[in-house]
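J.: have a look at this fold, sequence not included:
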Ligand code: MN
């Protein structure tokens, strides 16, 4: 498929995504403790995407062996760009035992500056900030299937292909509204937030009364 490369088990060695890599995951569901990690999508913002499929049989063995992917997620010199990273960081930590950092989250940025709307989904951001209409039709499909369909691969890639454009637009808005600093502080806290979720502090929240 055009610009989409599927890998099994791990990224190949030597791939360079640049200083900021967009990352998304697909899992068996919405609970990062219960639902296994099936796919990790990455893009350097050049219009191409690399997808890493986590194969089910790995889960029964000695854990998931993906040293190249793990090194990238933990690399302090590469910022990982997410949309709603809270979930993905928790899912990655639960499955791979590596805490992703440093990170940026377009959902947090959007909530801090697009205060005129309560619609902060990726579909809305793609449409409003990147002028792209992405389909969410495959969102609820079976990501645990051993052979993913071309429709699933295209959908999965679309979740990382436009994040750089969205991030640049949101960053300019954060600067305009003098909220870049608080956004960056929130990004820095995000890996801790994900760990708290895995510890059972999602609801009620640790900061609630
Ligand atoms: Mn996704």
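T.: The structure has been received and is ready for your questions. Here the structure is a predicted model, which is why all the values come from computation and not from measurement. Numbers count the residues shown, from 1 in each chain.

J.: which one is the most centrally placed residue in the chain nearest to, not counting chain neighbours?
T.: Among the residues of the chain, the one closest to the centroid is residue 24, at 2.8 Å (CA atoms, centre = their mean). Counting by CB to CB, 6 or more residues apart in numbering, the nearest residue to residue 24 once its immediate chain neighbours are dropped is residue 159, at 4.2 Å. For every residue, glycine as well, the C-beta is placed using N, CA and C.

J.: before we move on, the earlier item: what helix or strand is the residue nearest to the centre of the chain on?
T.: Here residue 24, judged by DSSP states H and E, is contained in strand 20-27.

J.: so what does the helix ranked longest in the chain touch, helix or strand wise?
T.: The single longest helix within the chain, with elements called by DSSP state H, is helix 180-198. The elements that helix 180-198 packs onto, with contact taken as 3 or more CB pairs under 8 Å, 6 or more residues apart in numbering; DSSP states H and E, are helix 85-96, strand 103-105, helix 106-113, helix 163-176.

J.: got any ranges where the chain has weak pLDDT?
T.: Counting by pLDDT under 70, the chain shows low-confidence ranges at 1, 57-63.

J.: how about 80 then?
T.: Along the chain, the model assigns pLDDT under 80 to residues 1-2, 56-64.

J.: what residues does it have near the ion?
T.: Of all the residues in the chain, those in contact range of the ion (CB under 5 Å from the ion) are 24, 159.

J.: look up how far residue 122 lies from the residue nearest to residue 24.
T.: Separation of residue 159 from residue 122 (CB to CB, to the nearest Å) stands at 6 Å.

J.: could you dump the helices and strands packed on helix 180-198 to CSV with mean neighbour count?
T.: As requested, these are exported to CSV (neighbours: other CB atoms under 10 Å):
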stretch, mean neighbour count
helix 85-96, 24
strand 103-105, 24
helix 106-113, 22
helix 163-176, 18
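
J.: where's whichever residue of the chain sits closest to the ion, which helix or strand?
T.: Scanning the chain for proximity to the ion using CB to the ion identifies residue 159 as nearest, at 3.7 Å. If you go by DSSP H and E, residue 159 is part of helix 150-161.

J.: buried stuff in that helix?
T.: The neighbour-count check on helix 150-161 (16 or more other CB atoms under 10 Å) flags 152, 153, 154, 155, 156, 157, 158, 159, 160, 161 as buried.

J.: need the contact list for the last one.
T.: Taking CB atoms under 8 Å, 6 or more residues apart in numbering, we find residue 161 in contact with 22, 43, 47, 49.
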